[in-house]
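In: structure for the following, please:
(one chain, ligands or ions: 2)
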Amino acid sequence: METNIMRLLELTRPSLEQAYSILDRAGFEEIAHGSYAEIFYRDGDPFVLRLYANSDRAYADFIEFAMDGTHRGNPHLPRFRGRPMKVNNEYSSVRMEKLAPCHMVDIVTDMQMFVVFREHYARHPKDDPKENPEYQKAIGILELKPKLLELLAALVDDLIVKHGYQDDIDINNVMMRANDTLVLIDPVCGKGF
Ligand SMILES: Nc1ncnc2c1ncn2[C@@H]1O[C@H](COP(=O)(O)OP(=O)(O)O)[C@@H](O)[C@H]1O
Ligand SMILES: [Mg+2]
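Out: Ligands and ions are numbered 1, 2, ... in the order given. Here you go, the predicted structure:
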């Protein structure tokens with residue numbers, strides 16, 4: 001039986017410290033963390049609980065991007081369960097599918113390459129991408145995964161060029177499903193770091 005831990009957090013509005021103890025008592029264990037988020041998991045669940053700082057605007061906008069009608073359904077976006085919930089002024093929580101670490105290092109490098117150059121060509125339309133073998137190579141590899149290429153292009157156009165975030169594609173921000181689908185979990189960050 002799945003206890004609705006989100007509901008409990010919503011009702012009690014705990015501080016972060018109190019949330020840790022609520023989660024602990026409910027059988028959740030912290031399985032990973034980054035600079036802005038902590039990931040909790042309870043054995044047997046298909047979902048993890050991600051607690052993250054409200055100051056991480058890039059992540060909030062990424063969730064919006066991922067849930068919006070245009071991109072929703074792209075297999076390379078994480079699947080969220082329900083909407084994110086603002087627990088209090090400090091942090092929010094969201095449930096998302098449990099994923100595994102990414103073991104395809106090379107393709108993450110191609111993804112990085114693609115994103116960095118695509119941003120460059122969006123900002124410098126006079127430069128000719130045809131003259132850039134590294135960019136062409138990355139496109140060539142990503143073309144084998146057209147939905148991933150489409151998603152990365154949308155990410156650059158929308159979150160990076162329009163919203164002004166910085167790309168943050170690295171091996172810690174790309175994960176995999178059991179069937180080896182690549183999933184972008186945290187692809188942009190705020191400017192300035
Ligand atoms: N859905 C998930 N399933 C399993 N582990 C996850 C999941 N999401 C994130 N993680 C782990 O937590 C780490 C931090 O998550 P991330 O979303 O990148 O937060 P941050 O903004 O702090 O970098 C990831 O590098 C990964 O190891
Ligand atoms: Mg991260």
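
In: just the element for residue 175, please.
Out: strand 174-176 (DSSP states H and E).

In: sorry, that was for residue 140
Out: Assigned by DSSP H and E, residue 140 belongs to helix 133-142.

In: which strands and helices lie in contact with the helix or strand following that helix?
Out: Where DSSP H and E defines the elements, the next helix or strand beyond helix 133-142 is helix 146-154. Judged by 3 or more C-beta pairs under 8 Å, 6 or more residues apart in numbering; DSSP states H and E, the packing partners of helix 146-154 are helix 105-123, helix 133-142. Where you see a C-beta, it was placed from the backbone N, CA and C, and this is true even at glycine.

In: how close does residue 118 get to residue 156?
Out: 5 Å (C-beta to C-beta, to the nearest Å).

In: and what of residue 167?
Out: 7 Å.

In: and the pLDDT at the nearest residue to residue 10 once chain neighbours are set aside?
Out: Excluding its sequence neighbours, the residue lying closest to residue 10 (C-beta to C-beta, 6 or more residues apart in numbering) is residue 85, at 5.8 Å. At residue 85, the pLDDT value in this model is 95.

In: then residue 2?
Out: Note for residue 2: predicted pLDDT of 53.
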